[in-house]
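# dropping the sequence and predicted coords here.
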Amino acid sequence: MNTKLLADPQIIAALLTVALTVIAAVSGYFLREWLTRSKPFVSVIRIVGSSKLVSARVPVPDRAVKASKKSHLFDPLSERSRLDDVSASLKAARNVEGRAQEVIELIDAFRAAVAKNDSAIAQGVLEELMLDEDFDDWICSLVGERTVPVPQFDENLPILIDFVEERNARGGTFAIGFPGNTLRFGSELNTFVLYRSSIKALVELVSRLEFGKLAQVFGAIGRELSTELGLAKDLIPPLQEIVDKNSQWSFGLYVANLGHSPFLIQTEGMVEIKDLSGGRYTEPCLLVVLKEDAARDVRRVRTKSPLVTQSQRDITFDFVTTRTQADMPAGDTIRSMFKSGSAQCRLTFAIERPGHSRSARVTSAWFKFVDTRPSAA
């Protein structure tokens, strides 16, 4: 080696310049890498334990089939029913369980006011009943199917509450003009033509404030609701078990890209669940997006393509377990933890950035493993 060259100040300066340039370039490269690879912000915003990607036929126990066929408010189930139908019956049964007693008490209050000839209170409770959407649905089913007959109104009595049939609202309904409040009663009467005559007969009684006859009809409605409440309580446990076993867990995620380049969210992920004792369970998940169908119901639809998240933007989506509870080795244990709220969960998935050969793994914080819907409390 020529030591004289190394001792030359100009050469040393040149070498230092080159070295500093290389260091600056390398530092800039790694700075760019750090900026573009800054981890996104991830938060679990919802957890649902009854998500279904497909509608399959499932076995229904005989006692549930018989109870559904006795009901006038739930659609009858068969020995092998569509999971969507089972879910719909479960939802209707839970609604009856939650609301029927309240409506029965309103009916009792109306009948008590009629018995005391207190027309002011009777009219107030009548209006409250007619405004109740569940009462509307139930009485239209029971009266429309003539499970509960409606007596003939008195044509000689004057109309005290105006009403009109509206064919263009709610698929066919009656607008009833209570003082200071016009309400609509009945729906889809253009389709259910046989219902319309029975519902109109009831509306005629309301318009003439024939309290005695209305008390008779409502008393029969109350008795039917008491029977339906018993059927609902018989239906809920077996139907809930069917829905649970054939359902997947869905995890809604909010992701914010804090970096300076877009990235792709890959379609496969993993949920990790840990209990209070430290036991851990993992289940593979698939990416789904939320789409609204023609009936304005939100459906979870599996996507085969990664999701693009632009820089400085955010996105929401769901990961759904690939297996149902019945197919999971620890499905019953996981369901038990989910119902008790005694576990935590976190989601892991991969993202890819343009210009990077390897994907990066992203993991959320731990969140309580429990149904986040208000109605599930």
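Nice, I can see it. Numbering: from 1, shown residues only.

# my guess is residue 157 contacts residue 210, does it?
Yes: counting by CB atoms under 8 Å, residue 157 touches residue 210, with 6.8 Å between them. No exception for glycine: its C-beta is placed from N, CA and C like everyone else's.

# who's more crowded, the two?
For residue 157 versus residue 210, neighbours defined as other CB atoms under 10 Å are more numerous around residue 210 (18 against 13).

# does that one touch residue 153 like I think?
Yes: using CB under 8 Å, residue 210 is in contact with residue 153, at 6.3 Å.

# so where's this structure shaky on pLDDT?
Of all residues in the chain, those with pLDDT under 70 make up the ranges 1-38, 52-55, 292-300, 357, 374-377.

# longest helix in it, please.
Taking DSSP state H as the criterion, the chain has its longest helix at helix 211-245.

# and it, what does it pack onto?
If you count contacts as 3 or more CB pairs under 8 Å, 6 or more residues apart in numbering; DSSP states H and E, helix 211-245 packs onto strand 41-51, helix 62-70, helix 83-115, helix 119-131, helix 133-144, helix 193-207.

# can you check which of those gets nearest to residue 346?
strand 41-51 (7.6 Å; CB to CB).

# now find how far off-centre the following helix or strand past the closest one is within its chain.
Counting by DSSP states H and E, the next helix or strand C-terminal to strand 41-51 is strand 57-59. Centroid separation between strand 57-59 and its chain, computed with CA atoms, centre = their mean, to the nearest Å, is 22 Å.

# okay, now the sheet partners of strand 57-59, with direction.
Strand pairing for strand 57-59, using DSSP bridges, gives strand 80-82 (antiparallel).

# need the residues that contact the partner strand.
55-60 (CB atoms under 8 Å, 6 or more residues apart in numbering).

# give me the buried entries from these.
Buried members of those, scored by 16 or more other CB atoms under 10 Å, are 58, 60.

# present the contacts of strand 80-82 as TSV; the columns should include distance to residue 335.
Formatted as TSV, the contacts of strand 80-82 follow (distance: CB to CB, whole Å):
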residue	distance to residue 335
55	21
56	18
57	22
58	16
59	18
60	19
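
# what is the nearest of the contacts of strand 80-82 to residue 312?
Among the contacts of strand 80-82, residue 55 lies closest to residue 312 (CB to CB), at 39.4 Å.

# who are the contact partners of residue 114?
Counting by CB under 8 Å, 6+ apart, residue 114 makes contact with 122, 211-212, 214-215.

# of these, grab the buried ones for PyMOL.
Selection of buried members from the contacts of residue 114 for PyMOL, criterion 16+ other CB under 10 Å:
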select buried, resi 122+211+214+215
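
# ok, which pair from the contacts of residue 114 is furthest apart?
Longest span within these, CB to CB: 122 and 212, 10.2 Å.

# circling back to that earlier point, give the buried residues for the longest helix of the chain.
Per 16+ other CB under 10 Å, helix 211-245 contains these buried residues: 211, 213-222, 224-225, 228-229, 231-232, 234-236, 238-240, 242-245.

# can you list the domains in the protein?
38-53+246-376, 57-243 (automatic domain parsing).

# how long is the longest one end to end?
Criterion CA to CA, to the nearest Å; first-to-last residue distance in domain 57-243 is 11 Å.

# kindly format the C-alpha coordinates of stretch 212-219 as PDB.
Taking only C-alpha atoms (Å, rounded to 0.1, in the frame of the first residue of the first chain), the coordinates of stretch 212-219 have been written out as PDB:
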ATOM      1  CA  GLY A 212    -115.900  -2.600  24.700                       C
ATOM      2  CA  LYS A 213    -115.300  -4.500  21.500                       C
ATOM      3  CA  LEU A 214    -111.600  -3.400  21.400                       C
ATOM      4  CA  ALA A 215    -111.200  -4.700  25.000                       C
ATOM      5  CA  GLN A 216    -112.600  -8.100  23.800                       C
ATOM      6  CA  VAL A 217    -110.100  -8.200  20.900                       C
ATOM      7  CA  PHE A 218    -107.200  -7.000  22.900                       C
ATOM      8  CA  GLY A 219    -108.000  -9.500  25.700                       C
END
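
# so what touches it?
107, 110-111, 114-115, 126, 129, 143, 148, 150-151, 153, 202, 205-206.

# on that earlier part again, closest one of the contacts of residue 114 to residue 187?
Of all the contacts of residue 114, residue 187 sits closest to residue 214, with 20.4 Å by CB to CB.

# any idea how far residue 202 is from the closest one?
Note on residue 214: its distance to residue 202, by CB to CB, to the nearest Å, is 8 Å.

# same check, this time on residue 208
Taken as CB to CB, the span from residue 208 to residue 202 is 11 Å.

# more neighbours, the two?
Neighbour count, other CB under 10 Å: between residue 208 and residue 202, residue 202 has more, with 25 against 19.
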